[in-house]
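K.L.:
coords please:
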Amino acid sequence: MTIYHRILVGVDGSNEAEEALKRGIQIAKKDGATLGIGFVADVRRIAPLIDYEQTYAKKAKEYGKGLVEIYKNEAEQLGIENVETFVKFGTPKTTFVKKMIGKFDPDLVLVGSTGLTPTEQFILGSVSEYVASHAPCDVIVVRGKNWRDRKSTE
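P.N.:
Purely as a prediction, here's the structure:
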């Protein structure tokens with residue numbers, strides 16, 4: 001069985017990403033690995049709102065920093081000793097692969113299956129598909145719970 005030393009999880013606040021983080025924490029704890037948690041603020045959403053670019057960028061950065069900090073605290077409370085966090089701006093696919101994977105140098109990446117609507121996925125393509133195709137290491141694409149299952153447990 002493979003032992004991983006550096007595990008990177010891409011998060012965006014979606015249920016799928018949270019499931020990926022849970023799985024990443026489990027593997028990191030079992031293997032004694034360093035856990036990286038990365039968030040990419042999607043600049044594609046800024047284009048139609050050029051006048052609000054600074055406000056959006058500031059809020060996106062605050063949201064990302066807050067999100068990765070919450071997840072870092074969760075991981076540490078569950079016994080992960082080494083946690084690194086990343087917040088970057090860009091298109092999620094290429095920024096995650098080139099900047100986060102390139103900087104963190106993981107041997108395993110976990111991402112949620114999709115955070116897009118079907119139309120966005122058709123037009124923009126899936127981040128998880130891109131990561132699985134372009135990452136230089138093992139990739140696990142984690143599916144979130146079905147919405148019916150989530151509703152029944154809430």
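
K.L.:
name the next helix or strand downstream of the longest helix seen in the chain, please.
P.N.:
Longest helix in the chain, counting residues (DSSP state H): helix 53-77. Moving toward the C-terminus from helix 53-77, the first helix or strand encountered (DSSP states H and E) is strand 83-90.

K.L.:
which residues sit against that next one?
P.N.:
By C-beta atoms under 8 Å, 6 or more residues apart in numbering, the residues outside strand 83-90 that reach it are 34-41, 43, 57, 60-61, 64-65, 68-69, 71-72, 75-76, 95-96, 99-100, 103-104. Every residue, glycine included, has its C-beta placed from N, CA and C.

K.L.:
neighbouring strands - and their directions - for that strand?
P.N.:
strand 34-42 (parallel) (DSSP bridges).

K.L.:
ok, and what's touching the partner strand?
P.N.:
Outside strand 34-42, the residues touching it (C-beta under 8 Å, 6+ apart) are 5-12, 21, 24-25, 28, 57, 60-61, 63-64, 67-68, 71-72, 75, 80, 82-92, 95-96, 100, 104, 106.

K.L.:
convert the C-alpha atoms of that strand to CSV, please.
P.N.:
Presented in CSV, the C-alpha positions along strand 34-42 are these (Å, rounded to 0.1, in the frame of the first residue of the first chain):
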residue,chain,number,x,y,z
THR,A,34,1.8,17.0,5.7
LEU,A,35,-1.6,18.3,4.6
GLY,A,36,-2.0,21.2,2.2
ILE,A,37,-5.3,23.0,1.9
GLY,A,38,-5.7,25.3,-1.2
PHE,A,39,-8.4,27.7,-2.3
VAL,A,40,-8.5,29.5,-5.7
ALA,A,41,-10.6,32.7,-6.0
ASP,A,42,-12.1,32.4,-9.4
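
K.L.:
alright, calling it a day.
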